[in-house]
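Trainee: Show me how the following folds:
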Amino acid sequence: MLRFSSVSYRIGKKIILNDLSFHLKRGEICFVTGAAASGKTTLLRLATCQIKPDSGLIYTAGIPLFRYKKAPEPLRRKISVVSKESEIFGSLSVLDNFRLQSLLLPVGKKEIKAVVELFELESVLNIEISTLSSDEKGRMLIASSVLKNPSLLFLDNPFCFFSYKSLQKIYQRIAFLSAQGLTVVFTAEQVPDFASGAIEVAIG
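Mentor: As a prediction, this is how the structure comes out:
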């Protein structure tokens with residue numbers, strides 16, 4: 001589902017990633033770990049074809065990224081990314097945001113109800129997104145990403161939304177989705193102790 005083969009990337013003379021190789025299969029959960037500024041987000045940008053490696057090969061959701069200058073449409077359909085920069089329509093309510101997505105995606109009320117229940121958003125459905133707490137906004141962003149029905153979900157530094165305790169609950173829901181075939185990549189400084197079954201890719 002995600003393969004890096006001898007991937008290297010540098011900015012100027014600074015080496016960010018050096019000859020990195022790993023392979024994630026369908027339904028696996030991975031934590032890309034390392035200190036701040038070690039290259040974790042860079043790895044995600046490479047994996048989503050936002051930037052190109054200096055050397056090596058990358059396959060994301062079975063798509064050979066080295067053949068493209070920018071993310072192809074098949075890749076955009078198969079991946080979702082959640083980060084602090086994720087776009088949201090802050091003036092909409094949570095429910096209206098989901099309804100807007102349903103106009104763009106082949107999903108209906110049943111699918112919306114399922115993600116709302118999974119991420120416990122029932123109490124904030126009619127609340128404007130801009131007024132949500134960090135935890136509520138994080139759950140809404142993940143639910144929106146899952147609604148897209150991706151093959152691969154990237155969660156870049158989820159601690160920017162969640163406390164340790166809250167992320168533990170979110171991880172349980174993510175594990176439920178991974179058991180159904182969703183491959184998930186987190187970035188974090190270290191693997192939380194509640195994620196003992198996850199794969200670790202340490203960089204930096």
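
Trainee: drop to CA atoms for contacts and neighbour counts, all remaining ones
Mentor: Fine.

Trainee: And the helices in the protein, which stretches?
Mentor: In the chain, the segments counted as helices under DSSP state H are 40-47, 73-78, 94-104, 109-118, 134-147, 164-178.

Trainee: so which of the ones you listed comes closest to Leu65?
Mentor: helix 40-47 (8.0 Å; Cα to Cα).

Trainee: Just the buried positions in that closest one, please.
Mentor: Judged by neighbour count (16 or more other Cα atoms under 10 Å), helix 40-47 contains these buried residues: Lys40, Thr41, Thr42, Leu43, Leu44, Leu46, Ala47.

Trainee: I'd like the residues you listed laid out as JSON lines, including distance to Val81 and pLDDT.
Mentor: Converted to JSON lines, the buried residues of helix 40-47 look like this (distance: Cα to Cα, whole Å; pLDDT from 0 to 100):
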{"residue": "Lys40", "distance to Val81": "14", "pLDDT": "96"}
{"residue": "Thr41", "distance to Val81": "11", "pLDDT": "94"}
{"residue": "Thr42", "distance to Val81": "13", "pLDDT": "96"}
{"residue": "Leu43", "distance to Val81": "13", "pLDDT": "97"}
{"residue": "Leu44", "distance to Val81": "9", "pLDDT": "96"}
{"residue": "Leu46", "distance to Val81": "13", "pLDDT": "97"}
{"residue": "Ala47", "distance to Val81": "11", "pLDDT": "97"}
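
Trainee: can you tell me which of those residues lies nearest to Asp54?
Mentor: Using Cα to Cα, the buried residues of helix 40-47 come closest to Asp54 at Leu46, 10.5 Å.

Trainee: give the contact list for that closest one.
Mentor: Contact analysis of Leu46 by Cα atoms under 8 Å, 6 or more residues apart in numbering lists Lys52, Pro53, Ile58.

Trainee: Alright, I will stop here.
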